[in-house]
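**Q** Any chance you can model this:
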Amino acid sequence: MNAFRTLDDLGDVTGKLVLVREDLNVPMADGAVTDDTRLRAAVPTLSELADKGAKVLVLAHFGRPKGQPDAKYSLRQVIPALSSVLGRPVEFIDDCAGPTAAAAAKALADGTICVLENTRFHAGEEANAPDLVEQMKLLGDLFVNDAFSAAHRAHASTVGLAHALPAYAGRAMQAELEALEKALGKPEHPVAAVVGGAKVSTKLDVLKHLVGQVDHLIIGGGMANTFLAARGVDVGKSLCEHDLASTADEILANADKAGCTVHLPYDVVVAKEFAANPPSLRTCNVHEVAADEMILDVGPAAIEALADVLKTCRTLVWNGPMGAFETPPFDTATVALARTAAALTREGSLVSVAGGGDTVAALNHAGVGGDFSYVSTAGGAFLEWMEGKELPGVAALTQA
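**A** Below is the predicted model:
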């Protein structure tokens with residue numbers, strides 16, 4: 001039983017005006033969409049509602065237009081790519097609020113999908129201004145939030161409308177929330193978390209929250225160097241936030257108290273320069289890093305030990321790469337561990353949930369993006385969820 005209503009709870013929507021919040025904030029170059037992942041995520045909800053005879057009105061933001069109309073940020077330019085992934089025509093209305101837009105919406109034929117202009121063309125959007133919510137509300141009978149990646153923002157089109165109209169979760173939002181509930185809400189233990197990336201400072205709240213939630217915390221990437229340095233390891237000229245040593249110590253102490261095992265690499269791949277396949281490349285124990293070397297990946301012995309840890313776990317949450325994965329051969333640890341997690345997921349022994357921009361790229365690079373139980377394309381919202389924060393867009397749906 002979900003704590004929120006889904007499309008299954010809708011009833012007959014023939015002729016109803018349904019406002020659907022999607023994430024259409026896609027990357028573009030020379031007027032064309034360069035990555036349609038977010039558009040494809042919107043297809044199930046938009047198609048289902050249109051097939052049931054609703055007038056589907058898509059709300060979304062695009063870029064940062066500073067609260068006023070700016071042709072450079074018009075959602076009109078996303079229409080051809082969205083129409084292509086949906087396999088049907090998509091209409092456009094050049095506002096998302098007020099009586100003129102409402103009249104245009106009412107005039108649409110049943111079963112039409114129509115994109116409304118950028119919500120951020122209104123200054124009240126990011127402030128969740130009541131007057132803008134009232135103007136947006138004129139366009140719809142029902143509200144569906146399908147944009148988890150915007151759920152950490154309390155905006156008019158995410159939170160305001162959820163309180164102003166009968167509110168439901170779309171299929172992408174529903175899938176995301178159900179996956180996250182399995183991963184950290186009510187997970188099957190033992191639970192492992194892989195947290196990588198360059199800096200501890202960007203993931204402090206994540207690490208502090210996770211040590212109380214998981215059985216195994218695997219730290220990789222540049223942030224592992226900060227923890228190693230805090231434990232007295234000389235990390236040479238590796239990327240390291242030496243000023244965060246006391247914070248790292250505090251996280252390790254809290255992990256001990258909570259019965260969470262923290263895994264740091266004990267062998268590493270080092271080089272004197274950061275470049276693809278450098279001549280100075282070598283693998284060594286963490287205590288043997290020279291003053292002029294930098295740690296760029298986790299070593300083979302540690303990878304094998306971490307794979308053994310995953311084999312004992314039932315649930316895995318993953319955010320961030322284990323090494324400098326964009327540059328070979330420093331993608332070895334990330335690829336190997338991702339493939340282990342994927343194999344365990346395929347055989348049914350592991351529920352694996354991953355998220356965050358770098359993470360999605362790393363898993364796709366390893367060729368296993370499709371093998372995890374769930375991969376979230378949300379960046380900020382996924383991180384805030386990993387920090388244990390309540391997401392306003394989700395809270396609004398559960399209250400509705």
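**Q** can I see the domain layout of this protein?
**A** Per the record's domain assignment (automatic domain parsing), the chain is made up of the domains 7-172+392-399, 187-369.
**Q** can you pull out the strands in the stretch 51-200 of the chain?
**A** Counting by DSSP state E, counting those that start in this stretch, the segments of the stretch 51-200 of the chain that form strands are 55-59, 91-93, 113-116, 142-145, 167-169, 191-195.
**Q** got those strands as JSON lines, with mean pLDDT and distance to E126 columns?
**A** The C-beta positions use only the backbone N, C-alpha and C, and glycine is treated the same way. Rendered in JSON lines, the data for these read as follows (pLDDT from 0 to 100; distance: least, Cβ to Cβ, whole Å):
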{"stretch": "strand 55-59", "mean pLDDT": "98", "distance to E126": "14"}
{"stretch": "strand 91-93", "mean pLDDT": "98", "distance to E126": "21"}
{"stretch": "strand 113-116", "mean pLDDT": "98", "distance to E126": "17"}
{"stretch": "strand 142-145", "mean pLDDT": "98", "distance to E126": "16"}
{"stretch": "strand 167-169", "mean pLDDT": "97", "distance to E126": "20"}
{"stretch": "strand 191-195", "mean pLDDT": "96", "distance to E126": "29"}
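**Q** Just to check, R5 is in contact with A167?
**A** Yes - R5 lies in contact with A167 (Cβ atoms under 8 Å); the separation is 7.1 Å.
**Q** Compare the two (neighbour count), which wins?
**A** Counted by other Cβ atoms under 10 Å, R5 and A167 do not tie: A167 has more neighbours, with 22 against 17.
**Q** Can I get the domains of the chain in CSV including distance to A381?
**A** Listed next are these as CSV, based on distance: least, Cβ to Cβ, whole Å:
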stretch, distance to A381
domain 7-172+392-399, 4
domain 187-369, 9
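**Q** isn't A102 right next to D141, touching?
**A** No - if you go by Cβ under 8 Å, A102 and D141 don't touch, sitting 11.2 Å apart.
**Q** Neighbour count: the two, which is higher?
**A** For A102 against D141, the residue with the higher neighbour count under other Cβ under 10 Å is A102, and the figures read 20 against 15.
**Q** wait, what's in contact with that one?
**A** By Cβ atoms under 8 Å, 6 or more residues apart in numbering, the contact list for A102 reads 138-139.
**Q** burial count for A275?
**A** Quick note: A275 (other Cβ under 10 Å) scores 12 neighbours.
**Q** So it is in contact with P328, correct?
**A** No - with contacts defined as Cβ under 8 Å, A275 does not count as touching P328, sitting 10.1 Å away.
**Q** Helices of the stretch 251-400 of the chain, residue ranges please.
**A** Residue ranges of the helices in the stretch 251-400 of the chain, as given by DSSP state H, counting those that start in this stretch, are 300-311, 332-346, 357-365, 380-386, 392-399.
**Q** how far is the last one from where the chain is centred?
**A** Meaning helix 392-399. Relative to its parent chain, helix 392-399 has a centroid offset of 17 Å by Cα atoms, centre = their mean, to the nearest Å.
**Q** Packing partners of it?
**A** Secondary-structure packing of helix 392-399 (3 or more Cβ pairs under 8 Å, 6 or more residues apart in numbering; DSSP states H and E): strand 142-145, helix 161-164, strand 167-169.
**Q** Of those, which stretch is the most buried?
**A** Here the criterion is mean neighbour count by mean count of other Cβ atoms under 10 Å, and of the helices and strands packed on helix 392-399 the winner is strand 142-145, at a mean of 28.
**Q** What lies in contact with that strand?
**A** Taking Cβ under 8 Å, 6+ apart as the criterion, the residues outside strand 142-145 that touch it are 7, 10, 13, 16-21, 45, 49, 151, 158, 161-162, 164-170, 173, 393, 396-397.
**Q** neighbours of the residue lying closest to A54 once chain neighbours are set aside, just the number please.
**A** Among residues not flanking A54 along the chain, V13 sits closest, at 4.1 Å (Cβ to Cβ, 6 or more residues apart in numbering). Here the count is done by other Cβ under 10 Å, and V13 has 21 residues near it.
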